[in-house]
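**Student:** Whatever this is, show me its structure:
(4 chains, ligands or ions: 2)
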Amino acid sequence: MSAMNTQGRPTRLDFDQETPDAITTSTGHRGLDLIEPLIFERGAPERCGVDVPDVPEVDSRLDGLERHDLALEGLSEPETVRHFTRLSRKNYAIDMGLFPLGSCTMKHTPRLNEQVARLPGFADIHPLQPVSTVPGAIELMEELAHWLKTLTGMPAVTLSPKAGAHGELCGMMAIRAALEARGNARTTVLVPESAHGTNPATAAFLGYKVASIPATEDGRVDVEALKAKLDEDVAAVMITNPNTCGLFERDIIEIADAVHAIGGFFYCDGANFNAIVGKVRPGDLGVDAMHINLHKTFSTPHGGGGPGSGPVVFSEALAPYVPRPFVRDGALVEAEGAEGTEDSFGRMCAFHGQMGMFTRALAYMKSHGSDGLRQVAEDAVLNANYILHQLKDDLSAPYGGPCMHEALFDERFLKGTGVSTLDFAKAMIDEGFHPMTMYFPLVVAGAMLVEPTETESRQSLDEFIEALRSLARAAKSGDVARFKGAPYLAPMQRLDETQAARKPVLSYQEPVPEAQAAE
Amino acid sequence: MSAMNTQGRPTRLDFDQETPDAITTSTGHRGLDLIEPLIFERGAPERCGVDVPDVPEVDSRLDGLERHDLALEGLSEPETVRHFTRLSRKNYAIDMGLFPLGSCTMKHTPRLNEQVARLPGFADIHPLQPVSTVPGAIELMEELAHWLKTLTGMPAVTLSPKAGAHGELCGMMAIRAALEARGNARTTVLVPESAHGTNPATAAFLGYKVASIPATEDGRVDVEALKAKLDEDVAAVMITNPNTCGLFERDIIEIADAVHAIGGFFYCDGANFNAIVGKVRPGDLGVDAMHINLHKTFSTPHGGGGPGSGPVVFSEALAPYVPRPFVRDGALVEAEGAEGTEDSFGRMCAFHGQMGMFTRALAYMKSHGSDGLRQVAEDAVLNANYILHQLKDDLSAPYGGPCMHEALFDERFLKGTGVSTLDFAKAMIDEGFHPMTMYFPLVVAGAMLVEPTETESRQSLDEFIEALRSLARAAKSGDVARFKGAPYLAPMQRLDETQAARKPVLSYQEPVPEAQAAE
Amino acid sequence: MRYLPLTDHDRRDMLSVLGAQNIDDLFCDVPREALLDAPVDLPPHASEMAVSRSMRALAGQNLAAGDAPFFCGAGAYRHHIPASVDHIIQRGEFLTAYTPYQPEIAQGTLQYLFEFQTQVARLTGMDVANASLYDGSTACLEAILMAGRVTKRSKAILSGGLHPHYRDVVRSMTRFTGEEIVCADPDPAVGAPGSDTADLMDRLDGDTSCVVVQYPNIFGHIEDFTQLASAAQSQGALLIVVMTEPVALGAIKAPGAMGADIVVGEGQGLSVGLQFGGPYLGLFASKQKYLRQMPGRLCGETVDAKGERGYVLTLSTREQHIRREKATSNICTNSGLCALAFTAHMALLGGAGLAKLAKLNHARAVQLAQRLEAVPGVELLSGPFFNEFTLRLPCKAGPVVEALARQGILAGVPGERLYADRTALHDLLILAVTETTTDEDFAALEAALKGAIQ
Amino acid sequence: MRYLPLTDHDRRDMLSVLGAQNIDDLFCDVPREALLDAPVDLPPHASEMAVSRSMRALAGQNLAAGDAPFFCGAGAYRHHIPASVDHIIQRGEFLTAYTPYQPEIAQGTLQYLFEFQTQVARLTGMDVANASLYDGSTACLEAILMAGRVTKRSKAILSGGLHPHYRDVVRSMTRFTGEEIVCADPDPAVGAPGSDTADLMDRLDGDTSCVVVQYPNIFGHIEDFTQLASAAQSQGALLIVVMTEPVALGAIKAPGAMGADIVVGEGQGLSVGLQFGGPYLGLFASKQKYLRQMPGRLCGETVDAKGERGYVLTLSTREQHIRREKATSNICTNSGLCALAFTAHMALLGGAGLAKLAKLNHARAVQLAQRLEAVPGVELLSGPFFNEFTLRLPCKAGPVVEALARQGILAGVPGERLYADRTALHDLLILAVTETTTDEDFAALEAALKGAIQ
Ligand SMILES: Cc1ncc(COP(=O)(O)O)c(C=O)c1O
Ligand SMILES: Cc1ncc(COP(=O)(O)O)c(C=O)c1O
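**Tutor:** Ligands and ions are numbered 1, 2, ... in the order given. From the prediction side, this is the model:
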């Protein structure tokens, strides 16, 4: 039987054997792997990819402030499209394959949402044009607020924070404002060891001392240790749930009650809401404030690092303190001193928040509906558990299952192999996968946090599992070279981060002509 | 001076030396070079990436014709986007680099045009909705017609042909209809040896005998040979101008006059109009009919092989014969027998032609304007001459310059090297370039036809020139292996075309289970 | 100018490398009198903003289907195209590639063409499909010419149910090819408008190369052609089935299952928007045995030098670039990108999705038909149909459609638009219903129609 | 459901691999009473078509800027964004990537960030720029906090010309940080509205960490801050210059050339559309010597193991994911994709294009200012300005703007919208003009304004 008739998936195990050892090219390009210089190396200051209409003659009102020193290279449109197309091809992305970055919820970006956000009625309206001319925008914000409140079971929400970390600031400021209103801002915020860096950074921003709470053997907050630290100085606890080990905090209600008992607040980091959306309402767990990363749970694009959007839901106790602007009864309340803003802690950003993300997130929610969002959580959890189960013997998992939406592994299976978590992750690149989150959470040595999300198919998971098993076997069998220099097959090999930091080059400088430089 | 400070373009000449010889992966993926199975291997018949609304209960009117045997694998949206993203990454395209395919005018596809074509007022109108509801569409067609007539200096145009070859049919049918109206359709069409295959195929379609005209030493139609064949049996000559050697037919007016003198017509293949747009009007050369590939000269996307659009301009003599529909004085004339269609040879396709391409082409024309279109021709010709000049010593050029928009080389420089035109072209792939058109036109042995177009920058041309010089040197220095197996660095190595044709597999078949197959 | 990378400095510099004084030195082969010394009389270049504004102004004058209750079909159908399809066809690597002549760097295009061929073959129930033609009407013409090559006969018999534009194309384009085209008259028979199977069988004879029927036909009627296929084949003729609504294939029997020899069609409904009629997507499928007479490109599976599976254009000895005047067709550029849209949409739907979509189309059409046949004075001609049906109005349909258009309703295609010369058909109105049609659309149409025919 | 690849069959099968009875076995750690046993009270899932329809209905209720004579600015500017920019940011490899933590497979993102930093540094005339912050207002806050770290002082003095939202943000967000914020009052002085350099110099003292001015300021006024910079620096304080209109940098002196220590701004005008206020793009540039106190991500050049040039995120010891409570800021996700849009647009413009665009903006604004100052009762307050200026109307501007909006004209931002509590500013109208504003827009505004103030 010939290979042709089965039409099975080709195996490329013998790839390099038939390729001459070292094909070099004069251009530096390698087939479709094309190198691309910087704009400043390719362009010219007088080249232009925009036809700016002619400028009418007028008497300048610039009053001597004219600029004469602007030198920036430009490109024609064909060059620009090519430049960025070539650059884009050096990236890995969800559109290319499984992107199991734990804590990041790298799910599919629905293309409908991109279309919807570009409707002129959303994309081409000014934040300060008369509110009477944008009733659809106001309604959209109210509708989004309604979905978020209903899904979280919380009575209030603010939409303006620009990302998760901004949402944390928002929630914690409301907490501090509420405490000050009571007459005592208190001094300390309790944060589990496993917390994301933004949590302690946020608490510190507000002038709070950060006290760390250890984790138990099974990867949860140590309730006893926490209770021991609870006193009248504690303003709040910040807990991520499901936590950054991918586990649900079983004692969450007990924790909330204990915090409330000493007059403190419970801030929940909602970065992992994807695991429980439609299944559990944080409001039912005693949460006082929680941000929601629309760019995680609600699929707005990650965009290579933003923009995001971080609405925050609030309990009754904190509702009076929410920042301006907000929509109430169909009206946009934005001005300092406006009715109903007496206790508001103020404003977090100019204008009204990430409208372009609201449109996308609402389209996503409406697409899934209440049934579909529940299914999202279930499939995300199922996919993670499937990975945990299939890999726990080949890799090593610090905690027993079931997990929530992410599967956590540690470095124990690499012990004695000479391969580190980093090496292992880099070898995944050669296999066609983005590495998982590494060395986070800090509570586990050499952590590997795998979050597949619900938008991966069974086949995709199986392929990933097979690849990791095979890498684990390779590591254990002593094939260290495969890992140490990895990735070998990516557009670049490992980059020298030390050199980058030692003498930072943060912008392009014209090359010094050789002759001069030699002097 | 360290390499860092110059920030010059990296050279990757030593690439493979530091890479372990044969990295193999268990997945078959290689970094960002990801393999992708067929839809039918990845999907499942019940999987679906579309939420079809629920179906109301009704009494079927299908009358027993219900279908029960439909089995087609489906994919969810995330899998679909990933499938096609991965596939796309195995393609070369203008957006990635110079695409010097002679005779194809692979110029930049402006992104404005893609936006404009998607306006609902163009994209979402039905060809048979009342004409009174689409005045903007009719006006657009008239405006496009006006531009085409003005640029060509011809009094009539028809827009409906679907591509260049369809336009050839259109023009030749009008010629035949005109001849029949005179009482004698005649028997023969003269076509130069260098013509594109569509020319003889078109003439044959209409029942004409094709008589070939030889080329002169300098790559043009042999006027004497042509005149020798001109008699009362000759219906038309079909000449490409600039011709497929990239040369302007110097004697074109003389040829036109001679053809007219025997009562024949001059069909001009306008595929190469890009070289002369805004500089020369075919109407001034005696042309009777000429198609224009909007997907060449007027930048509508090539789309991996279409769709195109091939409007045809006509002389007064042929104008009465143009096919329906057409726009006249703001009215759409489409019905058989409608006023003004008495001599029309009929209809070439359903509806009104490639409206989606008309919008793009008109946006392109308006963007360039009369001055810019002229500049297009000048830059296209300048770029081609620059390549011809810079490479004629390292490669070999059959004809002296200047050329028009494409530079023709032949295989003489490869003589004795063991490297063929095909090998040379395939080695260009490794260097990051798409090959030029090969073995066409047929009048030159081992032809290499290079058409850079005007949307390439000087830098891009220089890089291309350097790459070809270096390949020519390599061929001459006896480095045959570099060519024979090329490309080495593309997603695939050379494909076995003989096997494909011998026992054609033209659609996916479920693999036969091994056991069964072995029987 | 934004699309031109050369600066004036580049131009001067390059000219001097060439030893040319000015650009016209390079145009020296152009007869002096024909070389223009100034731009032609057209507007000068314009900014993106200005062009966009003027194009928007034109677009704004048209009543978009999405802004109106909409019931037009007759060969072009308004279906919802998923957003991801449009995203995919805008990938630069697809949009700005050429015909995949260099398979090593065109596997993206080639693999989807192979997938497209597979989908079309399975949908139509045929053995093989090509990589697309221009549109349904030109595919119909090519099928008739192919039947001529296969049977070495030249008489084609066209059903009266065939789209009149298609018929018009066939008759026009065969004027000089020597084919004889016999056209049956469209008969608006109640219960089977446009149906003429018996008549076609009568006309079959030993000179017949093919019989061409449409399914559903121009009036929306569907019927089984199994008998006709046998009758044709027993005379040595081929049965060509034309389809203009690909979604129908999710609900109704495949032409291949009825014995069709060639199936051609318009794939627009599953690939691209209405676009005022083009670009569309010609589908072409046939029995394996006629493969070598097929027109257009074919993509086939093979292996590369490493033994890996890959795809190439194949059997090109049928094509003009190899065979020149002996080619099966002069087609070169086809509808690649529309085929991609089709393939992606079909991948999203899958068999189950297409079946459900087709059921929905049918059910909605039945609902509207029932509603309108209850309108006094209106007669429903259609018996079995898929998503399109024909009404007879108590008056000429053209003015009714115009009147409704003035009210912002696009009520369907009147007989007059398709059959200008046959007044007997001018009281007919052909309406299509798809998943995009709402209950409000139904209500608006019903009310307006009642008003207009009184 | 279209975004969920698992079929019911897959789910059952995977659960059985896990040895689970049902999905809730996996949710066993959730307190029983908190686990919902049914979907919450929200609508069920919907087709793409239905969602698209409902979102279009909402969008349709808003008056888009492109459909009206439009003169709003005040921190958000309507410029023409080239079509290719939107194409580029929709490339899946950019759109669906994460923060480039794995540089080997993120060079696409990293290289454009490096290009972005270079462009921002050159435009502002500063040494270094970061890889973006959320928006101009939060960048302004971060700049003040950074000045506190650099100077180890905590008093920031804000000009009255600073955007009131920015001031509001700074005051709100420093409520608990220990910074003292001193705000000058906006003074609508004729010839220099919002200008208060002399006053700011008076207020400078040895406790001052920074002086914050806006350029052009909220009223459109521009002035030279060179003296202010020296005055601040001689007191050991930093000068922070805030910009909300990046296009201005094509025409007016760079803040760096005036001696600014930190320049922050809103990059929206050159990157993304108005979008009702977000997402926008925070620009942040500073002198080299303050580098280690900068907030946000930085992309730096380095080499890979083969010695090839490449880019990585660097100096991350300033950031929360490394330094946690000791970080310079808590920012994590920033505005990557907007930075890409900015970079692509700047690449298209180049220095020459930006300069011409800025000149055009200025010239058009001057034309409108001249036209409107001729309207009886209207007073032009602005002296030097770029593309935005302030009028004093003979009445409250809010109702005038409302009245014009009812006529379909978006006439600018009235004082009341920005300064609800300062009635003295309520007769002010701030108008911006860009290359998108036409002569017809001018005429419509002038006529309507005349009508409204009578
Ligand atoms: C657990 C957790 N908290 C907070 C954040 C910060 O969210 P953002 O990046 O949207 O600011 C992240 C983001 O990675 C996170 O994973
Ligand atoms: C010279 C010439 N004539 C005709 C054609 C056919 O045009 P089309 O592919 O648009 O049918 C081509 C296309 O490659 C060509 O190069």
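
**Student:** contacts and neighbour counts: CA atoms only from here.
**Tutor:** Noted.

**Student:** you'd agree A:Thr455 is up against D:Leu4?
**Tutor:** Yes: contact criterion Cα atoms under 8 Å: A:Thr455 and D:Leu4 qualify, at 5.3 Å.

**Student:** Now list whatever residues contact both of those two.
**Tutor:** B:Pro78 (Cα atoms under 8 Å, 6 or more residues apart in numbering or on different chains).

**Student:** before we move on, which element is C:Met146 in?
**Tutor:** Using DSSP states H and E, C:Met146 sits in helix C:136-151.

**Student:** Mind giving me the packing neighbours of that helix?
**Tutor:** Helices and strands touching helix C:136-151, by 3 or more Cα pairs under 8 Å, 6 or more residues apart in numbering or on different chains; DSSP states H and E, are helix C:164-173, strand C:208-214, strand C:238-243, strand C:262-266, strand C:282-286.

**Student:** With mean neighbour count added, can I get those in a markdown table?
**Tutor:** Formatted as a markdown table, these follow (neighbours: other Cα atoms under 10 Å in any protein chain shown):
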| stretch | mean neighbour count |
| --- | --- |
| helix C:164-173 | 22 |
| strand C:208-214 | 28 |
| strand C:238-243 | 29 |
| strand C:262-266 | 30 |
| strand C:282-286 | 30 |
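
**Student:** Hey, what's the angle from the helix holding C:Met146 to strand C:238-243? Just curious.
**Tutor:** Helix C:136-151 and strand C:238-243 are oriented at 170 degrees to each other (axes from the mean of the first three to the mean of the last three Cα atoms, to 10 degrees).

**Student:** Spatially central residue (nearest the centroid) of chain A, please.
**Tutor:** A:Cys104 (4.3 Å; Cα atoms, centre = their mean).

**Student:** For residue 368, which non-adjacent residue is closest in space?
**Tutor:** By default, I'm working from chain A. Of all residues not flanking A:His368 in the chain, D:His45 sits nearest, at 4.3 Å (Cα to Cα, 6 or more residues apart in numbering or on different chains).

**Student:** think we crossed wires, I meant chain C
**Tutor:** Using Cα to Cα, 6+ apart, the closest residue to C:Leu368 is C:Phe442 (6.6 Å).

**Student:** was I right about that neighbour contacting C:Val366?
**Tutor:** No: the pair C:Phe442 / C:Val366 is not scored as a contact, 11.7 Å apart, by Cα under 8 Å.

**Student:** Same drill for the two, tell me which one is more crowded.
**Tutor:** Between C:Phe442 and C:Val366, C:Val366 has the larger neighbour count (other Cα atoms under 10 Å in any protein chain shown), namely 24 against 21.

**Student:** quick one: contacts for the more buried one?
**Tutor:** Contacts of C:Val366 by Cα under 8 Å, 6+ apart are B:Val58, B:Asp59, B:Ser60, B:Arg61, C:Asn387.

**Student:** so what's the last one up against?
**Tutor:** Contacts for C:Asn387 (Cα under 8 Å, 6+ apart) come out as C:Gly220, C:Ala248, C:Asn361, C:His362, C:Ala363, C:Arg364, C:Ala365, C:Val366, C:Ala432, C:Val433, C:Thr434.

**Student:** ok, the fifth one - contacts?
**Tutor:** When you say that, I think you mean C:Ala363. By Cα under 8 Å, 6+ apart, the neighbours of C:Ala363 are B:Val55, B:Pro56, B:Glu57, B:Val58, B:Asp59, B:Ser60, C:Asn387.

**Student:** Go through these and name the one nearest ligand 1.
**Tutor:** Within the contacts of C:Ala363, proximity to ligand 1 (Cα to the nearest ligand atom) peaks at B:Val55, which comes in at 40.5 Å.

**Student:** The closest residue in space to that closest one that isn't next to it in sequence - how many residues pack around it?
**Tutor:** Closest residue to B:Val55 apart from its sequence neighbours, by Cα to Cα, 6+ apart: C:Leu360 at 4.9 Å. Look at C:Leu360: counted by other Cα under 10 Å, it has 24 neighbours.

**Student:** Am I right that C:Leu360 is in contact with B:Pro56?
**Tutor:** Yes: using Cα under 8 Å, C:Leu360 makes contact with B:Pro56 at a distance of 7.2 Å.

**Student:** residue ranges for the strands of the chain, please.
**Tutor:** Looking at chain A here, since you left the chain open. For chain A, applying DSSP state E gives strands covering A:156-158, A:188-192, A:209-213, A:234-240, A:265-269, A:289-291, A:312-314, A:326-328, A:331-333, A:407-409, A:437-438, A:448-450.

**Student:** ah, no, chain C please
**Tutor:** Going by DSSP E, chain C shows strands at C:128-129, C:155-158, C:180-183, C:208-214, C:238-243, C:262-266, C:282-286, C:298-303, C:309-314, C:379-380, C:388-392, C:413-414, C:428-432.

**Student:** Dump the ones you listed to JSON lines, plus distance to chain D.
**Tutor:** Shown next, in JSON lines, are the strands of chain C (distance: least, Cα to the nearest Cα, whole Å):
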{"stretch": "strand C:128-129", "distance to chain D": "28"}
{"stretch": "strand C:155-158", "distance to chain D": "38"}
{"stretch": "strand C:180-183", "distance to chain D": "41"}
{"stretch": "strand C:208-214", "distance to chain D": "30"}
{"stretch": "strand C:238-243", "distance to chain D": "25"}
{"stretch": "strand C:262-266", "distance to chain D": "23"}
{"stretch": "strand C:282-286", "distance to chain D": "26"}
{"stretch": "strand C:298-303", "distance to chain D": "27"}
{"stretch": "strand C:309-314", "distance to chain D": "25"}
{"stretch": "strand C:379-380", "distance to chain D": "30"}
{"stretch": "strand C:388-392", "distance to chain D": "21"}
{"stretch": "strand C:413-414", "distance to chain D": "24"}
{"stretch": "strand C:428-432", "distance to chain D": "18"}
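
**Student:** export these to TSV and tack on distance to B:Pro45 and mean pLDDT?
**Tutor:** Conversion of those to TSV gives the following (distance: least, Cα to Cα, whole Å; pLDDT from 0 to 100):
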stretch	distance to B:Pro45	mean pLDDT
strand C:128-129	20	98
strand C:155-158	36	98
strand C:180-183	41	96
strand C:208-214	28	98
strand C:238-243	24	98
strand C:262-266	23	98
strand C:282-286	22	98
strand C:298-303	23	98
strand C:309-314	24	97
strand C:379-380	36	98
strand C:388-392	27	98
strand C:413-414	36	98
strand C:428-432	28	98
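
**Student:** Please identify which of the ones you listed is closest to ligand 1.
**Tutor:** The nearest among the strands of chain C, by Cα to the nearest ligand atom, is strand C:309-314 at 40.5 Å.

**Student:** out of the contacts of C:Val366, which are buried?
**Tutor:** B:Arg61, C:Asn387 (16 or more other Cα atoms under 10 Å in any protein chain shown).
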